[in-house]
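Chemist: how would this look folded up:
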Amino acid sequence: MKPIRLPEPPGSPKSTGGVPDIFEGGVYGIIRRAVIIGNGFPASENQSIGLVRALGLSEKQTFYRVTRPTGGVNEWLHWLPVSVHKRLYYIISRIYRYSRFLIATRAKKLLPQPRENGGGIGLSSVLEADVKNIVRMAKETFEKDGPLLVVASGRDTISIASSIKRLASENVFVVQIQHPRSHLDRFDMVITPQHDYYPLTPHAQEQVPRFLRKWITPQEPPNEHVVLTVGALHQVDSAALRSAANAWHDEFAPLPKPLLVVNIGGPTRYCRYSTDLAKQLSASLHNVLTSCGSVRISFSRRTPEKISNMIIKELGTHPKIYIWDGEEPNPHMGHLAWADAFIVTADSVSMLSEACSTGKPVYVIGAEHCTWKFVEFHKKLRERGLVRPFTGLEDMSESWSYPPLSDTAEAANQVHKAIAERGWRLRP
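Modeler: Residues are numbered from 1 along each chain as shown. Predicted coordinates for the structure are as follows:
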């Protein structure tokens with residue numbers, strides 16, 4: 001295999017010769033810590049964690065999470081803004097408790113209480129994203145610790161991040177990952193994939209009736225505060241891959257080469273499929289097994305049981321194939337470090353972005369099932385030579401390469417520049 005040089009995480013601006021902080025703007029202009037605001041979805045939270053890592057602040061980060069009430073009627077309320085959802089749930093729960101009291105008084109029988117958010121799944125140990133607390137901390141510690149970097153990702157974090165920016169604009173630099181759909185000036189920077197602007201293209205406009213176009217966002221092209229990426233941000237860089245290669249050496253080094261890693265996601269709104277794709281994947285994998293030394297298959301949290309069961313039934317007994325059972329430790333980073341090639345289902349922007357950051361061959365299956373902005377995403381990947389369609393006719397012993405996708409490192413560089421323009425700088 002031809003060695004690939006991967007991008008290093010960007011460091012802090014070079015020292016000007018050991019000049020004390022007081023002569024370079026003082027502590028007030030140096031960002032030494034970060035707050036991450038998550039939404040409970042690993043794919044979104046991984047983007048924020050990856051950016052903070054690339055900026056060198058992993059050891060000085062505090063993690064908060066926006067949580068929603070779960071269970072019962074709450075499953076029908078997830079389309080609401082999180083603040084509205086919580087208020088409505090509060091009203092419903094008060095009505096329920098009052099009704100419960102009346103019934104208990106008459107029938108002497110208690111109705112079961114709905115499970116509180118986080119009950120039994122560990123959310124109680126995660127800091128709840130509270131705007132007032134974060135703003136207070138940013139203001140009270142500004143003179144001692146300098147400005148605060150706030151990084152958020154996902155729809156549920158928008159109101160929290162924008163409120164922090166509004167209430168503590170002189171003390172924070174706020175980065176929103178994934179497009180907030182409107183009012184981008186609520187943030188210091190927005191980082192989002194190019195395909196989020198697909199609705200503005202002529203091809204997309206043709207697909208939307210004229211009377212509905214004003215409801216499709218975004219409605220304006222990116223401004224100077226928007227950083228565009230090809231895919232999703234993540235934590236995979238050369239240092240992470242070297243660490244994973246060492247950690248998983250004993251398990252992966254003895255495997256026959258080439259090692260083919262297959263990552264299977266699940267159907268999404270813009271990439272719908274069922275067991276038909278599982279059958280296609282199984283048949284195509286059988287065709288390339290003669291050119292493979294080993295095959296490792298992993299499912300994601302989104303993989304439907306009927307798809308995983310079919311894959312296990314069709315491929316689970318082959319001596320060259322090992323299917324991860326989902327038990328810890330998760331071999332994902334080991335797969336990225338040791339694989340010679342990847343096959344990834346077309347539904348996952350995150351898995352494809354991580355695989356393409358290795359510079360190794362990446363084959364995509366199921367792109368023909370994708371619609372809307374996912375079509376644009378796959379088009380960009382192909383145009384840059386990052387992926388090829390998986391047909392089942394490939395010789396996996398033949399390798400090919402490309403400049404690794406480095407969205408996270410490039411986004412981190414843009415953060416450095418924007419902070420410098422404000423008169424601040426980052427120092428891990």
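
Chemist: buried stuff in stretch 169-178?
Modeler: 171-178 (16 or more other Cβ atoms under 10 Å). For every residue, glycine as well, the C-beta is placed using N, CA and C.

Chemist: what about Leu393, neighbour count?
Modeler: Counted by other Cβ atoms under 10 Å, the residues lying close to Leu393 total 8.

Chemist: for it, which residues are in contact?
Modeler: 287-288 (Cβ atoms under 8 Å, 6 or more residues apart in numbering).

Chemist: again, only this time at 10 Å
Modeler: The contact partners of Leu393, by Cβ atoms under 10 Å, 6 or more residues apart in numbering, come to 284, 287-288.

Chemist: so which of these sit within helices?
Modeler: Counted as lying in helices by DSSP state H, out of those, are 284, 287-288.

Chemist: who wins on neighbours among these?
Modeler: Top of the ones in helices among the contacts of Leu393 by neighbour count (other Cβ under 10 Å): Val288, with 21 neighbours.

Chemist: and the gap between that residue and Met333?
Modeler: Val288 sits 24 Å away from Met333 when distances are taken as Cβ to Cβ, to the nearest Å.

Chemist: again with Gly72
Modeler: When Cβ to Cβ is applied, the distance between Gly72 and Met333 equals 37 Å.

Chemist: more crowded one of the two?
Modeler: For Gly72 versus Met333, the count of surrounding residues by other Cβ under 10 Å is larger for Met333: 19 against 14.

Chemist: can you tell me which residues contact that one?
Modeler: Residues in contact with Met333, defined by Cβ under 10 Å, 6+ apart, are 235-236, 240-241, 243-245, 247-248, 354.

Chemist: most neighbours among those, please name it.
Modeler: Taking other Cβ under 10 Å as the neighbour criterion, Glu354 ranks highest of the contacts of Met333 with 28 neighbours.

Chemist: quick one: name whatever helix or strand follows whatever helix or strand that one lives in.
Modeler: With secondary structure defined by DSSP states H and E, Glu354 is part of helix 349-356. Heading C-terminal from helix 349-356, the first helix or strand you meet, by DSSP H and E, is strand 362-365.

Chemist: the chain: helices as residue ranges?
Modeler: According to DSSP H, the chain carries its helices in the segments 42-54, 82-107, 131-140, 142-145, 158-167, 202-207, 238-247, 249-252, 275-288, 305-315, 332-338, 349-356, 373-383, 407-421.

Chemist: most packed of the ones you listed?
Modeler: Ranked by mean neighbour count under mean count of other Cβ atoms under 10 Å, the helices of the chain are led by helix 349-356, which reaches a mean of 26.

Chemist: that one packs against which elements?
Modeler: helix 42-54, strand 259-264, helix 332-338, strand 341-345, strand 362-365, helix 373-383, helix 407-421 (3 or more Cβ pairs under 10 Å, 6 or more residues apart in numbering; DSSP states H and E).

Chemist: between the ones you listed, which one is nearest to Gly231?
Modeler: Each of these has some distance to Gly231 by Cβ to Cβ; the shortest is helix 407-421, at 5.7 Å.

Chemist: okay, angle between that closest one and helix 238-247 too, please.
Modeler: An angle of 140 degrees separates the directions of helix 407-421 and helix 238-247 when computed by axes from the mean of the first three to the mean of the last three Cα atoms, to 10 degrees.

Chemist: now helix 407-421 against helix 349-356, angle please.
Modeler: 100 degrees.

Chemist: so what does helix 407-421 touch, helix or strand wise?
Modeler: Using 3+ Cβ pairs under 10 Å, 6+ apart, helix 407-421 is in contact with strand 30-31, helix 42-54, strand 148-153, strand 172-177, strand 189-193, strand 226-229, helix 349-356, strand 425-426.

Chemist: need those in JSON lines (columns: mean pLDDT and distance to Val131).
Modeler: As requested, the helices and strands packed on helix 407-421 are arranged in JSON lines below (pLDDT from 0 to 100; distance: least, Cβ to Cβ, whole Å):
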{"stretch": "strand 30-31", "mean pLDDT": "96", "distance to Val131": "20"}
{"stretch": "helix 42-54", "mean pLDDT": "97", "distance to Val131": "17"}
{"stretch": "strand 148-153", "mean pLDDT": "98", "distance to Val131": "11"}
{"stretch": "strand 172-177", "mean pLDDT": "98", "distance to Val131": "12"}
{"stretch": "strand 189-193", "mean pLDDT": "98", "distance to Val131": "19"}
{"stretch": "strand 226-229", "mean pLDDT": "98", "distance to Val131": "24"}
{"stretch": "helix 349-356", "mean pLDDT": "98", "distance to Val131": "28"}
{"stretch": "strand 425-426", "mean pLDDT": "95", "distance to Val131": "24"}
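
Chemist: closest to Arg272 out of these?
Modeler: For Arg272, the closest of the helices and strands packed on helix 407-421 is helix 349-356, at 15.5 Å, according to Cβ to Cβ.

Chemist: quick one: the closest one to chain centroid distance?
Modeler: Counting by Cα atoms, centre = their mean, to the nearest Å, helix 349-356 is centred 10 Å from the centre of its parent chain.

Chemist: and what of stretch 186-206?
Modeler: On the basis of Cα atoms, centre = their mean, stretch 186-206 sits 17 Å off its chain's mean C-alpha point.

Chemist: how about it: buried residues?
Modeler: Under the neighbour-count criterion of 16+ other Cβ under 10 Å, stretch 186-206 has 186-193, 195-199, 204 buried.

Chemist: before we move on, back to that, which of the contacts of Met333 lies closest to Thr371?
Modeler: Glu354 (23.1 Å).

Chemist: wait, that closest one sits on Ser406?
Modeler: No. Using Cβ atoms under 10 Å, Glu354 and Ser406 do not qualify as a contacting pair, with a distance of 12.0 Å.

Chemist: circling back to that earlier point, adding distance to Ala161, write the helices and strands packed on helix 349-356 out as TSV.
Modeler: As requested, the helices and strands packed on helix 349-356 are exported to TSV (distance: least, Cβ to Cβ, whole Å):
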stretch	distance to Ala161
helix 42-54	10
strand 259-264	30
helix 332-338	28
strand 341-345	30
strand 362-365	32
helix 373-383	23
helix 407-421	15
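
Chemist: contacts only, for Ala152.
Modeler: 35-39, 44-45, 47-48, 64, 66, 129, 158-162, 164, 174-178, 180, 187.

Chemist: find the nearest non-adjacent residue to Gly38, please.
Modeler: By the measure of Cβ to Cβ, 6 or more residues apart in numbering, the closest residue to Gly38 outside its immediate chain neighbours is Glu45, 3.9 Å from it.
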